[in-house]
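>>> Below are the sequence and a predicted model; questions follow.
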Amino acid sequence: MKRLYILLILLGSVLHVSAGLTPQEQILHDSIFKVYHSMPVDTVRVEYLKDMYQQNIRADWSIELADSALQAAKALRNGRLELILCHEMFRYSQYRGDLPEMERQLALMKECSHRLKSYEYYFSSWEAVLDIQCSRGNIEYAVLQAKQMKADAEKLGYEKGIYTSYIALGSAYGYSEQYAEGAEAYKEALKCPMISTREKLDTYWGLSGCYIGLIDVENAVNILNQEKEILEQLAGAKPANYPLYRDRLLDNELRFCQIYAKVREIPKLKSHLLMAKKHYTEDVFLPYYFQYHLSWADYYHLVQDWDACFTELDLVLERSKGLQPWYERNVRKTKAQYLWDAGRKEAALDTYEEIVQIGDSLIHYFRAQQEETVQSNYRIKKELLKQAETQNKVRWLTFASVTILLIIILTFTIRTLYIRSLLKKAEAETRAASELARKANHMKDVFLKNIVNDIKVPLDSVVRLSKLLSVERSTLTPEQRTEYSSSITVNAEKLITLVNNVLDLSRLESGMMRFDIQSYDVVQLCRDAIYMAGMQEGNLANVIFEHDVESLMFRIDSSRFHKLMTSLFTAKDTVTIHCKLTGTNHEREIELAVTGSPLSISSSDRLQQIQHDINRLFVGISHGSYTVESEEARITVCFPLA
């Protein structure tokens, strides 16, 4: 028995490995789907799956959550969630740098966005794709795509898309060092109406970068000052805002330093370095740390304070050592150049030798890593081969035994699980049937209680007024006798109608109602129903009948159809009821839209509720649909012609 448990554990381990999940990930994965399947089929559970995906987006298996949520959103026809989940699946491939998958998801998002006429996610994702294309050197393709983006946005009349296209175009030109064209694109982006403050800051950042590349000091300083003004307003609005914008303020000052270092304006360079110092901290974002100290090194190089210059460069080298070898190599090149400018030619030559050695050491390191990997693989394969040769017979015998045992265990387990699932299904069906019967009994009790109450009130009125007419007739005035007789008549009619409706409802629910199905012209049936309703005593409704077909045959019980339509065309007050008959679905079904009927107005009247139930059951038995829209005072009845 102990060996059996060991084999089961090994089998479970194999399944986990084949699935590519750790035990913890498998537990989390299964628990998420267990909760998902236990929730009602509605938008809430799709939102739940989307939230779980966003929390686990770093895990490779999270794509299964996003895909399941997307399919559920499509099944629910929830366009908003479908578009959001398309964007989330795009983010999944973007996070992993999978450009082909990003482009495939972008195509799916395009169809969804155009269908829903919501384009924000689509254009921002398109910009992300072009940014990766630029980073991979496909500059011309990115430029053409950015221009196509602008044309599509203009065709759709989507201003935000036009702005995004200019940003993508400016970024592409910036990658290719076409700074003049990039600056023009960013300036066009600034002309777009209703751009947010964040978007304006991003545009200023790209535009200032182009001006710095062009060494256009005047325009670069002007844009940087505008960016700085916005950042200072945002940072100074509340004390808690400053930490949020400190890095952007530091980056702004360092860009001033970058342009002034290029044009060798030492006083302005130092001024902005001192302002940058106010925003600088040791735990600043690493690229800002490097740029800050390199800017000081540029300043000390210009003023020929060589010791301070090399101190700043050494700080950068110390921080980047072991983390960014190629960046460290470039900084050492700068240091070697500055040593040469300082007249320390021997130290400069030594630094150049170090650069060559670093390059050689990197090459040797990667080669050594490859050789060590090859050697390790060779030793492992050799050892495995020896073990395979010595244990070949034992392994085959063990494999055969384990295979037979596993087949027996799996057969027994599958049969047990199958029987258990049947028992659970039967138990669930029994519970559901019991619950349904309990609810039906409860509803029946409530219904009977309400019906008894509805019968009791008019019946009491009939009995009481009848006694008055028979016992105290001599004391009553003619007007009172007329009033009591009229009240008795009204209540008696109400009782008769209520009893007849209850009997009809009971027959329909129990399936005991008999129907005389024959072929009739639906237009003539509607006219007959309108005439019969108009002949009823006390009916003051004026029915306007419209139809787009002159004659259309279908099979129906004419008496039940007349009762249905008469209930819709009856009113105690003077009202106008519109009835429109149309043939739909290539005249394979008919639709009757009745507007203004008192029956369409929401009410707590028991007679009205019972009449709706009778109508729904009759239409349902005929495989049609009966829809009440109280807000629009409209009732729509559909019948299939087949």
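Great, that's in hand.
>>> Please, where are all the helices along the stretch 51-200 of the chain?
Taking DSSP state H, counting those that start in this stretch, the helices of the stretch 51-200 of the chain run over residues 62-76, 79-95, 99-116, 120-135, 139-156, 159-175, 179-191, 197-214.
>>> tell me the pLDDT at L323?
On pLDDT, L323 comes in at 59.
>>> quick revisit: go through the helices of the stretch 51-200 of the chain and pick out the most buried.
Comparing the helices of the stretch 51-200 of the chain by mean neighbour count (mean count of other Cβ atoms under 10 Å), helix 159-175 comes out on top with a mean of 24. To be clear about C-beta, it is placed using only N, CA and C from the backbone, and glycine gets the same treatment.
>>> Phi first, then psi, for E629.
phi -120, psi 90 (degrees, to the nearest 10).
>>> if we can go back for a sec, so which of the helices of the stretch 51-200 of the chain is nearest L641?
helix 62-76 (29.6 Å; Cβ to Cβ).
>>> Check which helices and strands that closest one sits against.
Helices and strands touching helix 62-76, by 3 or more Cβ pairs under 8 Å, 6 or more residues apart in numbering; DSSP states H and E, are helix 23-38, helix 43-55, helix 79-95.
>>> Ranked by average pLDDT, which of those helices falls at the bottom?
Across the helices and strands packed on helix 62-76, helix 23-38 has the smallest mean pLDDT, namely a mean of 72.
>>> What angle do helix 43-55 and that one make with each other?
160 degrees (axes from the mean of the first three to the mean of the last three Cα atoms, to 10 degrees).
>>> rewinding a little: looking at the helices of the stretch 51-200 of the chain, which one has the lowest mean pLDDT?
For the helices of the stretch 51-200 of the chain, where the average pLDDT is lowest is helix 62-76, sitting at a mean of 80.
>>> Restricting to C-alpha, output it in PDB.
Extracted C-alpha coordinates of helix 62-76, given in PDB (Å, rounded to 0.1, in the frame of the first residue of the first chain):
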ATOM      1  CA  SER A  62      -2.300  34.300 -16.400                       C
ATOM      2  CA  ILE A  63      -3.100  34.400 -20.200                       C
ATOM      3  CA  GLU A  64      -5.600  31.500 -19.600                       C
ATOM      4  CA  LEU A  65      -7.500  33.800 -17.200                       C
ATOM      5  CA  ALA A  66      -7.600  36.600 -19.700                       C
ATOM      6  CA  ASP A  67      -8.700  34.400 -22.500                       C
ATOM      7  CA  SER A  68     -11.400  32.700 -20.400                       C
ATOM      8  CA  ALA A  69     -12.700  36.200 -19.300                       C
ATOM      9  CA  LEU A  70     -12.600  37.400 -22.900                       C
ATOM     10  CA  GLN A  71     -14.700  34.400 -24.100                       C
ATOM     11  CA  ALA A  72     -17.200  34.900 -21.200                       C
ATOM     12  CA  ALA A  73     -17.500  38.600 -22.100                       C
ATOM     13  CA  LYS A  74     -18.200  37.700 -25.700                       C
ATOM     14  CA  ALA A  75     -20.900  35.200 -24.600                       C
ATOM     15  CA  LEU A  76     -22.500  37.900 -22.500                       C
END
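>>> From the rest of the structure, what touches it?
Helix 62-76 has contacts (Cβ atoms under 8 Å, 6 or more residues apart in numbering) with 29, 32-33, 36, 41-43, 45-46, 49-50, 52-53, 56, 81-82, 85-86, 88-89, 92.
>>> Over to stretch 103-123?
Contact with stretch 103-123 is made by 79-80, 82-84, 86-87, 89-90, 93, 125-126, 129, 149, 153, 156, 158, 160-161, 164-165, as judged by Cβ under 8 Å, 6+ apart.
>>> go again using 7 Å as the cut-off
Stretch 103-123 has contacts (Cβ atoms under 7 Å, 6 or more residues apart in numbering) with 79, 82-83, 86-87, 89-90, 93, 125-126, 129, 149, 153, 156, 158, 160-161, 164.
>>> and of the helices of the stretch 51-200 of the chain, who's closest to L244?
Here helix 197-214 is closest among those (Cβ to Cβ), at 11.7 Å.
>>> Return the list of helices and strands in contact with that closest one.
helix 159-175, helix 179-191, helix 217-237, helix 242-263 (3 or more Cβ pairs under 7 Å, 6 or more residues apart in numbering; DSSP states H and E).
>>> would you list the ones you listed in JSON lines and tack on distance to R420?
Shown next, in JSON lines, are these (distance: least, Cβ to Cβ, whole Å):
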{"stretch": "helix 159-175", "distance to R420": "56"}
{"stretch": "helix 179-191", "distance to R420": "64"}
{"stretch": "helix 217-237", "distance to R420": "63"}
{"stretch": "helix 242-263", "distance to R420": "57"}
